[in-house]
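Participant: Just a sequence and a predicted model for now, questions to come.
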Amino acid sequence: MKITVIGTGYVGLVTGTCLAEAGNDVLCIDIDKKKVEKMQNGEVPIYEPHLETYFERNIKAGRLHFSTKIEKGVAHGEVIFLALPTPEDEDGSADLSYVLGVANQIGDMMKDYKIVVSKSTVPVGTGERVKAALKAKTDIPFDVVSNPEFLREGFAVEDFMKPDRIVVGVESERAQKTMQKLYKNFVRSGNPIVFMDIKSSELTKYAANAFLATKITYMNEIANYCEKVGANVDDVRMGMGLDARIGKRFLFPGIGYGGSCFPKDVKALHKSGKDAQHHFAILDSVIEVNEKQKTVLYPKMEQHFNGNLKGKNIAVWGLAFKPDTDDIREAPALYMIEKLLAAGATVTAFDPEAMDNVKAKLGDTISFASSMMRAVQGADALLICTEWHAFRNPNFDKLKAALNSSVIFDGRNIYSPEEMKALGFSYYSIGR
């Protein structure tokens with residue numbers, strides 16, 4: 001099939017590359033000329049495991065192409081995916097200006113039947129607005145489809161190629177048959193393609209992300225309570241997670257959730273509820289608790305240093321909001337760094353993939369190290385913000401020798417408190 005993907009962020013580039021891997025002829029459109037030139041030259045603009053292999057293979061096979069010309073994309077694809085940003089607006093709602101702006105352009109350029117598929121995470125009712133925008137511009141038949149993504153950064157290629165489910169909101173039999181044909185080879189193991197109405201499809205993505213964010217936040221609240229009463233959150237988590245009704249995943253406490261999805265989607269669903277005169281009371285708490293959780297280790301750092309962090313050099317391991325990505329959107333590390341700088345501390349950071357993105361955001365306000373061990377050289381404490389695998393089992397003798405004082409603040413609970421005590425570290429974690 002001929003497919004067009006408009007927008008080459010995490011979702012768009014993974015979608016386009018994986019659809020090409022399945023044998024489709026894919027044209028990806030982006031307005032960023034430099035980015036498009038890099039992709040045309042075989043450079044992957046984001047870090048995502050396994051993406052580069054598929055990307056290079058499908059460019060070489062002639063199935064994956066890139067352009068800045070949207071008219072070329074409209075002419076090319078029988079199915080046009082919109083993988084456009086929907087940033088958080090000032091009132092917490094999703095900004096649909098990119099989605100609706102491109103819909104207007106498509107309407108002006110259509111010359112035959114198209115299926116316009118929203119891959120972006122959008123509020124309930126967006127499909128109607130896209131359809132209205134197209135109708136205002138053209139009399140040519142078309143279908144609008146909602147097809148939300150459920151891609152985990154760090155596992156996005158795997159999730160696309162072997163999805164546990166595919167959700168599609170449709171209004172016509174023609175669109176349903178086309179989407180069934182497009183995705184049938186991705187679900188050969190028997191996982192379902194779930195067809196539903198467009199509004200239900202749009203809400204499914206928000207409902208799923210808000211639930212997972214709530215699960216994380218609840219566990220963080222339990223961890224904070226554990227510290228008050230002397231319980232161990234690791235034991236509580238295990239005892240809870242073995243209940244099949246609850247499950248083991250998303251029960252790891254830490255310094256809050258971040259990234260491009262959970263913070264934005266929770267706030268957008270909350271605002272959509274207000275617009276419909278429905279108060280999502282549970283999301284009030286999720287948003288409030290997560291904001292506090294991002295810096296929950298800071299009071300412990302203050303207390304350890306007797307209320308004075310001025311002049312202290314803090315090493316930070318991990319800048320991305322999670323491992324296996326270079327995404328720093330709403331990353332808790334940035335909130336901790338902001339607090340440390342405001343207190344007069346200096347920061348030396350290391351992350352395997354995200355340092356360039358942080359440099360672009362923070363400039364020379366912090367220092368960057370070429371390795372995890374160089375980051376801790378001469379530091380007064382180590383702060384761990386992302387649970388990269390490389391951080392899980394360091395040479396603790398070298399780590400202790402490199403630090404000015406043997407202090408670790410672990411925002412992801414990756415070490416054992418008993419082991420750290422035996423090794424002679426002052427060790428602070430969450431809920432233990």
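Facilitator: Arrived safely. Numbering: from 1, shown residues only.

Participant: the helices in the stretch 301-432 of the chain, which residues?
Facilitator: 332-342, 355-362, 372-376, 396-402, 417-422 (DSSP state H, counting those that start in this stretch).

Participant: go on, the stretch 151-300 of the chain?
Facilitator: 156-161, 173-183, 198-229, 233-241, 262-275, 281-293, 298-304.

Participant: So for Asp364, which of those sits nearest?
Facilitator: Closest of these to Asp364 is helix 298-304, at 22.7 Å (criterion: CB to CB). The C-beta positions use only the backbone N, C-alpha and C, and glycine is treated the same way.

Participant: Point out the other helices and strands that that closest one packs with.
Facilitator: When contacts are defined as 3 or more CB pairs under 8 Å, 6 or more residues apart in numbering; DSSP states H and E, helix 298-304 packs onto helix 332-342, strand 381-384, strand 407-410, strand 426-428.

Participant: just so I know, which of the helices of the stretch 151-300 of the chain lies nearest Ile3?
Facilitator: Set against Ile3 and scored by CB to CB, these come closest in helix 173-183, at 7.8 Å.

Participant: Who are the packing partners of that closest one?
Facilitator: Secondary-structure packing of helix 173-183 (3+ CB pairs under 8 Å, 6+ apart): strand 79-82, strand 114-118, strand 142-146, strand 166-169, strand 193-196.

Participant: Can I get the fourth one in PDB? Just the C-alpha atoms.
Facilitator: C-alpha atoms of strand 166-169 as PDB (Å, rounded to 0.1, in the frame of the first residue of the first chain):
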ATOM      1  CA  ILE A 166      -4.500  -2.200  17.700                       C
ATOM      2  CA  VAL A 167      -7.300   0.200  18.300                       C
ATOM      3  CA  VAL A 168      -9.100   1.800  15.300                       C
ATOM      4  CA  GLY A 169     -12.000   4.200  15.300                       C
END
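
Participant: So what's the gap between it and the chain middle?
Facilitator: 20 Å (CA atoms, centre = their mean, to the nearest Å).

Participant: neighbouring contacts of it?
Facilitator: With contacts defined as CB atoms under 8 Å, 6 or more residues apart in numbering, strand 166-169 is touched by 127, 145-148, 150, 176, 179, 183, 186-187, 191-202, 204-205.

Participant: again, only this time at 7 Å
Facilitator: Applying CB atoms under 7 Å, 6 or more residues apart in numbering, the external contacts of strand 166-169 come out as 127, 145-148, 179, 183, 186-187, 193-198, 200-202, 204.

Participant: Please identify which of the helices of the stretch 151-300 of the chain is closest to Leu341.
Facilitator: helix 298-304 (11.7 Å).

Participant: Quick check: Asn191 touching Asp164?
Facilitator: Yes. Using CB atoms under 7 Å, Asn191 is in contact with Asp164, at 5.6 Å.

Participant: Compare those two (neighbour count), which wins?
Facilitator: Neighbour totals were compared for Asn191 and Asp164, and Asn191 leads with 13 against 10 (other CB atoms under 10 Å).

Participant: List the contacts of the more buried one.
Facilitator: Counting by CB under 7 Å, 6+ apart, Asn191 has contacts 163-165.

Participant: Try it again at 6 Å.
Facilitator: Asn191 makes contact with 164-165, according to CB atoms under 6 Å, 6 or more residues apart in numbering.

Participant: can you give me the helices for the stretch 1-150 of the chain?
Facilitator: Under DSSP H, counting those that start in this stretch, the stretch 1-150 of the chain gives helices at 10-21, 33-40, 51-60, 70-76, 97-109, 126-135.

Participant: Mean neighbour count, these: which tops it?
Facilitator: helix 10-21 (a mean of 26; mean count of other CB atoms under 10 Å).

Participant: what distance separates that helix from the centre of its chain?
Facilitator: 16 Å.

Participant: And for stretch 67-80?
Facilitator: The answer for stretch 67-80 is 27 Å, by CA atoms, centre = their mean.

Participant: re earlier: Gly73: which of the helices of the stretch 301-432 of the chain is closest?
Facilitator: Smallest distance to Gly73 across the helices of the stretch 301-432 of the chain (CB to CB): 27.4 Å, for helix 355-362.

Participant: what does the closest one contact?
Facilitator: Taking CB under 6 Å, 6+ apart as the rule, helix 355-362 contacts 319, 326, 328, 368.

Participant: switch the cut-off to 8 Å
Facilitator: Counting contacts by CB under 8 Å, 6+ apart, the residues outside helix 355-362 that touch it are 319, 326-328, 334, 337, 349, 351, 366, 368.

Participant: Which one of these sits in the busiest neighbourhood?
Facilitator: Within the contacts of helix 355-362, most neighbours by other CB under 10 Å means Leu319, with 30 neighbours.

Participant: ok, it touching Ile328?
Facilitator: Yes. Leu319 is in contact with Ile328 according to CB atoms under 8 Å; the separation is 5.9 Å.

Participant: Quick check: neighbours shared by the two?
Facilitator: In contact with both Leu319 and Ile328: 334, 354, 357-358, using CB under 8 Å, 6+ apart.

Participant: Would you reformat those residues as TSV and include pLDDT and distance to Arg392?
Facilitator: Shown next, in TSV, are the shared contacts of Leu319 and Ile328 (pLDDT from 0 to 100; distance: CB to CB, whole Å):
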residue	pLDDT	distance to Arg392
Leu334	98	22
Ala354	97	17
Asn357	97	23
Val358	98	21
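
Participant: which of the helices and strands packed on helix 298-304 sits most buried?
Facilitator: Of all the helices and strands packed on helix 298-304, strand 381-384 carries the top mean neighbour count, a mean of 25, counting by mean count of other CB under 10 Å.
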